[in-house]
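Colleague: just coords:
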Ligand code: RB5
């Protein structure tokens, strides 16, 4: 899990930069799909850019950030090859991987501190899918 694509709207730009510092000093290769300044922008446009990247690089993991995480959650889960999970504590970060095989972590920059969001992300990135049959069956149903 070393290739990461990251995106945020204007509300998430500071958290994005904070997380990029952590990721780059921990050997992750990062692709940033924007936004690149604090000017107001629309989260569906960033989610679309991130989805385009994952469609071409299906083994990459995604991180999306907006104020609540809700807009990005709605936007990114419109793409059939994405399983995006809003992380709001360490337990959900772990279960999003173990049970849901989430490939995009979504964070709410205005809901938690940078340090709290980083802890959620670290848990997400260090947890593997459980590979249990019951979870595999449920994920397959999402693709039908
Ligand atoms: C931007 O003000 C805010 O609405 C956005 O970041 C996000 O929270 C939407 O869901």
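Modeller: That came in fine, so what should we check first? Only a predicted model underlies this, so the values are computations on that prediction, with no experimental measurement involved. Numbering: from 1, shown residues only.
Colleague: only C-alpha atoms for contact and neighbour calcs from this point on.
Modeller: OK.
Colleague: before we move on, what SS does residue 64 have?
Modeller: strand (DSSP: H, G, I helix; E, B strand; the rest coil).
Colleague: Return the distance of it relative to the ligand.
Modeller: For residue 64, the distance to the ligand (CA to the nearest ligand atom, to the nearest Å) stands at 11 Å.
Colleague: now swap in residue 56 and tell me
Modeller: 26 Å.
Colleague: Give me the neighbour count for that residue.
Modeller: As a burial measure, residue 56 scores 9 neighbours (other CA atoms under 10 Å).
Colleague: Could I get the pLDDT score of it?
Modeller: Looking at residue 56, its pLDDT reads 98.
Colleague: residues contacting the nearest residue to residue 89 once chain neighbours are set aside?
Modeller: Distance criterion CA to CA, 6 or more residues apart in numbering; nearest residue to residue 89, sequence neighbours excluded, is residue 120 at 5.9 Å. By CA atoms under 8 Å, 6 or more residues apart in numbering, the contact list for residue 120 reads 87, 88, 89, 90, 93.
Colleague: any idea which of those residues has the most stuff around it?
Modeller: Neighbour max across these (other CA under 10 Å) = residue 93, 25 neighbours.
Colleague: which element is it on?
Modeller: Using DSSP states H and E, the element containing residue 93 is helix 90-98.
Colleague: Which residues belonging to that helix are considered buried?
Modeller: 90, 92, 93, 94, 95, 96, 97, 98 (16 or more other CA atoms under 10 Å).
Colleague: What is the most widely separated pair among the residues you listed?
Modeller: Farthest-apart pair in the buried residues of helix 90-98 is 90 and 98; separation 12.4 Å (CA to CA).
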